[in-house]
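Visitor: need a 3D model of the sequence below.
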Amino acid sequence: MRIGVDIRSLLDQESGGVAAYTEQLLVNLAKIDSENEYLLFYNVFHKDVDSFFKKKFPNSNFSIQSFHFPNKILNSSLNYLHFPKIDKLIGGVDLFFEPNLIFLAFSDNPKKVITLHDLSFLLYPKFYSVKGRWWHKAINPKKIIPNFDQIIAVSESTRKDIINLLAVPPEKVSAIYSGINAAGYQNLDSAVRDKVKEKYHLPERFILSLSAIEPRKNIDSLILAFELFKKRSGSDYHLVIAGGHRKKPKISQALINRSQFKNQIHLVGYVANEEKPYFYNLASLFIYPSFYEGFGFPPLEAMAASTPVIASYSSALSEVCEEAAILIDPHNIEELTEAINQVVFSSELSQRLIEKGLKQIQKFPWERTARETLKLFKNLVS
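Guide: Numbering: from 1, shown residues only. As a prediction, the model looks like this:
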């Protein structure tokens, strides 16, 4: 079976959940599948990164299919002219796998599978910029999604959203959980940890938030809850907010500037993937008060690093975290403040969360994600 895979998400300078999903799924497919041929498609105008991808995916049954069209021209052509057909561009395939919603065009020949990570753009359009809303409108998910033979949802919560919001028949939507590479967050190099701590001027004791800095992540509520916690407890804890942002987080920065604890709140910006485990490892508590998630990697990453977690109970987060985190209402600042207080001042509760977290992450191995995905591919083609 010839399987085409779109790896354009791996070109993002500040990679997020979609890139992590695409890379880890392919790495684990390479471990379990030596029979089928994988053709990895990407397009970049100014540079050739074939050697980079060949190093990532060295298996003989993986080949890189690179093209060098100007991205804006290619996207416009795919969207409005439905040309070129990506499957034909790479020499024809039995199945094409699209790990993300993006501009695309296919012929009628191959079976087509897409992964949808969340439907926040339909449920919470207010959280997106004008550009972001235009982008999703141009792609028109309601029109293109029915053309896929199978849709992978990364959680049961997302599966229900797809069925309800996109009117897709339930039999066309399969829930296959994303995974966590737990070993990458454990037994870390102490010398590197010290360097990361020094590089970012991290305090001795801090609460961590790590995610893309955008309205959906509810960072402003965390800042307000942290301020309340500090006022009431007199604690010496700091708050470290890590993550990339396309625009300066104006409201968050304004809240910090007028806080009496502004010297204990640190916006450190984007953190590279290789540095993230050290942030989780150094933190005393991880908080993820997001309004909506299709899956939610960061809470599991924190659990893998033996850090207690507070997360919102909204969307897929309660499904992914279960009893391994304190789950709070993301709209209730008082509830979040109380949860912080409980974890910080109860070593027994903190240790219980750590133990539950280490058990919880065992439910999400990437190998299982790969096996279930491969099974779906085989069943669809056969």
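
Visitor: tell me the mean pLDDT over stretch 279-291?
Guide: What stretch 279-291 shows for mean pLDDT is 98.

Visitor: so how far does that stretch reach from one end to the other?
Guide: From its first residue to its last, stretch 279-291 covers 23 Å (CA to CA, to the nearest Å).

Visitor: now stretch 170-178
Guide: Distance between the two ends of stretch 170-178: 20 Å, counting by CA to CA.

Visitor: so what touches that stretch?
Guide: 17, 21, 148-156, 158-159, 162-163, 295, 297, 320, 363-364, 368-369, 372-373, 376 (CB atoms under 8 Å, 6 or more residues apart in numbering). For the C-beta atoms, the positions are set from N, CA and C on the backbone; glycine is no exception.

Visitor: switch to 7 Å and redo it
Guide: Applying CB atoms under 7 Å, 6 or more residues apart in numbering, the contact partners of stretch 170-178 are 21, 150-156, 159, 162-163, 295, 364, 369, 372-373, 376.

Visitor: swap in stretch 233-250?
Guide: With CB under 7 Å, 6+ apart, stretch 233-250 has contacts from 14, 202-203, 205-214, 219, 226, 229, 264-271, 279, 341, 344.

Visitor: and the contacts of stretch 170-178, which of them are buried?
Guide: Listed as buried from the contacts of stretch 170-178 are 21, 150-155, 159, 162-163, 295, 364, 369, 373, 376; burial here means 16 or more other CB atoms under 10 Å.

Visitor: can you select the buried ones from the contacts of stretch 233-250 in PyMOL?
Guide: Here is the PyMOL selection string for the buried members of the contacts of stretch 233-250, based on 16+ other CB under 10 Å:
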select buried, resi 202+206+207+208+209+210+211+212+213+214+219+226+229+264+265+266+267+268+271+279+341+344
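
Visitor: among the contacts of stretch 233-250, which ones are in strands?
Guide: Phe206, Ile207, Leu208, Ser209, Leu210, Ile265, His266, Leu267, Val268, Gly269 (DSSP state E).

Visitor: so what pLDDT did the last one get?
Guide: Per-residue pLDDT puts Gly269 at 90.

Visitor: nearest spatial neighbour of it, skipping sequence neighbours?
Guide: Leaving aside its chain neighbours, Gly269 sits nearest to Gly244 (6.8 Å; criterion: CB to CB, 6 or more residues apart in numbering).

Visitor: got the phi/psi numbers for the one you found?
Guide: phi -80, psi 160 (degrees, to the nearest 10).

Visitor: can you check Phe97 too?
Guide: When read as degrees, to the nearest 10, the backbone of Phe97 gives phi -110, psi 120.

Visitor: report how many residues lie close to it.
Guide: For Phe97, the count of nearby residues is 25 (other CB atoms under 10 Å).

Visitor: next one: the one 3 residues further on
Guide: Counted by other CB under 10 Å, the residues lying close to Asn100 total 18.

Visitor: okay, now the residue nearest to it when sequence neighbours are not counted: neighbour count?
Guide: Closest residue in space to Asn100, ignoring its immediate chain neighbours: Val18 at 4.7 Å, by CB to CB, 6+ apart. Other residues within reach of Val18, judged by other CB under 10 Å, total 18.

Visitor: which ones are touching Val18?
Guide: With CB under 7 Å, 6+ apart, Val18 has these contacts: Ser9, Pro99, Asn100, His117.

Visitor: could you check how far it is from Phe291?
Guide: Taking CB to CB, to the nearest Å as the measure, Val18 falls 19 Å from Phe291.

Visitor: can you tell me which residues contact Glu214?
Guide: By CB under 7 Å, 6+ apart, the residues touching Glu214 are Phe127, His245.
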